[in-house]
Structures are given as structure tokens and as C-alpha cells.
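[1] Dropping a prediction and its sequence here:
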Amino acid sequence: AAGVIQSPRHLIKEKRETATLKCYPIPRHDTVYWYQQGPGQDPQFLISFYEKMQSDKGSIPDRFSAQQFSDYHSELNMSSLELGDSALYFCASSASGIGEQFFGPGTRLTVL
Amino acid sequence: GDSVTQMEGPVTLSEEAFLTINCTYTATGYPSLFWYVQYPGEGLQLLLKATKADDKGSNKGFEATYRKETTSFHLEKGSVQVSDSAVYFCALSDPGDYGQNFVFGPGTRLSVLP
């Protein structure tokens, strides 16, 4: 069965650079969620989209932005990267109103 | 706001021992409850879930029962294996609204020794 796809799987950037993470949800899923998991931490919700509109917002820094496109894939754009942005970034998708989220494998971002 | 509390780790057990990882939650509505497992270097995998009070989720020998009266969803397994070594996250989500995010507990690291 198709799963959530994230790319890239690993990304290394330097401070003050920008990064774009991509998420391709399970086919026919219309809701996408982004989470950030720091080293040894639990995943923290960043932002979610339903039908290409932002549906909920968590602890997403102003330096980050995200959007969902017409094919339901989503991109997380991160600017002015800081060392503390080094983390595992998970994307999850769900079919609206069902509640269960399916997680992608994550993108590991390292900021040097 | 909603929150999830888990027992502190790490938990170290011998193979075939009984496992309990406590999870309690605070929520304004009637959330769905989940256990996710994260193996080293990997993403989050759904282990089991329960969507209403008294539901029991089970998978791969793990079980958890949704207890509304004690707001708990403790994870149990009768006989753990070395391959169960991972971090376990209890989580909740409030169904019914589109785009409802998960709230995760802090995670409990389990190490099973041969």
C-alpha cells in the first residue's frame, strides 16, 4: 500500500540558509500535518492543511511557512536556519474526519 | 489545552518480562487515543488505537484499553522481546474537526535485554 513520501530524507544546511521539505500524502488523503521532533523529544505539531487551506497552527516559527498544493502535496519552507532547527521533520496525512494520521519516514535536517 | 503524560523512561526489561507503560491524558472533548512506536533511526509507526471509551486496541501482542473514568490508556504486553526495544509515544487527537493535530506524550524508551 502507498505510504506518505517525504523528500529529501536527509538534508544538511548551514546557518542562515533556507530549506524546503516536501511531503506527498497517501492518495485520496486531503489533510497534511507537519511535526518537528528534536533530539530525544516528542514530536511537536507545527501546522496542518485541509483541502489546501491552513486548518491548524502550532508552534511553527515565523521563519517557517508551508502550503498545500492542488495535488495535495505539501511543502515546508524554512528560512534563516538556526542550529536549533536541527531535527527530524515528520509529515502525516489523513482522510478528512477520520482522525488517524499516517506518518512519513521523516526528513532529518542538520544545520551546521 | 489537551495534553498527554507518560511514565518516565528509560524502561529496561529482560526478555519475556511483562511490560506496562502508563499513559494518562487531559482533553476537553472525547479524543481518540493512539500508541505509536519509533524504532531507532526510523519514523513513527501506529501500534494500536482506540476511538471511544472501553475500546481495547491490540496489535503484535500489545494491548491498551481506553479508560474514560481514569483518563488512561496504558500500554501492556505480556512477554516482551528484544525486537520491542524502541521509543513508545502515547498520543491523542480530537476527531470530528478537520485538521486536528496529534498531541504526543514525551515518549518512553524501552530497552529489552536478552
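    Yep, it's here. What you see is a predicted model; the values in this text were computed from it and never measured.
[2] show me where pLDDT drops low in chain B?
    For chain B, the stretches with pLDDT under 70 are B:95-100.
[3] Would you state the strands of it in chain order?
    Applying DSSP state E to chain B gives strands spanning B:3-6, B:11-14, B:19-21, B:23-26, B:32-38, B:44-50, B:56-59, B:62-65, B:75-77, B:86-93, B:103-104, B:108-113.
[4] Pipe these into a markdown table and attach distance to chain A per row.
    Just so you know, the C-beta spots here come from the backbone N, C-alpha and C atoms, and that holds for glycine as well. Formatted as a markdown table, those follow (distance: least, CB to the nearest CB, whole Å):
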| stretch | distance to chain A |
| --- | --- |
| strand B:3-6 | 9 |
| strand B:11-14 | 15 |
| strand B:19-21 | 14 |
| strand B:23-26 | 12 |
| strand B:32-38 | 5 |
| strand B:44-50 | 4 |
| strand B:56-59 | 11 |
| strand B:62-65 | 15 |
| strand B:75-77 | 15 |
| strand B:86-93 | 5 |
| strand B:103-104 | 4 |
| strand B:108-113 | 9 |
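[5] Give the bridge partners for B:Gln45, please.
    B:Val37 (DSSP bridges).
[6] residues near it, how many?
    Applying other CB atoms under 10 Å in any protein chain shown, we find 14 other residues in the vicinity of B:Gln45.
[7] these two touch, right, it and B:Asn59?
    No. Using CB atoms under 8 Å, B:Gln45 is not in contact with B:Asn59; the gap is 10.0 Å.
[8] spatially speaking, which residue is in the middle of chain A?
    The residue lying closest to the centre of chain A (CA atoms, centre = their mean) is A:Trp34, at 3.5 Å.
[9] Dig out what that one forms beta bridges with.
    Applying DSSP bridges, one finds that A:Trp34 bridges with A:Ile47, A:Cys91.
[10] ok and the residue in chain A nearest chain B?
    A:Ser55 (2.6 Å; CB to the nearest CB).
[11] Checking that residue next. Helix, strand or coil?
    strand (DSSP: H, G, I helix; E, B strand; the rest coil).
[12] Which one of the strands of chain B lies nearest to A:Gln6?
    Each of the strands of chain B was scored for nearness to A:Gln6 using CB to CB, and the closest is strand B:44-50 (12.0 Å).
[13] Which parts of that closest one count as buried, going by neighbours?
    Going by neighbour count (16 or more other CB atoms under 10 Å in any protein chain shown), the buried part of strand B:44-50 is B:Leu44, B:Leu46, B:Leu47, B:Leu48, B:Lys49, B:Ala50.
[14] quick one: contacts of that strand?
    A:43, A:90, A:100, A:102-103, B:32-39, B:56-60, B:62-66, B:73, B:75, B:88-89 (CB atoms under 8 Å, 6 or more residues apart in numbering or on different chains).
[15] Cool, thanks, talk later.
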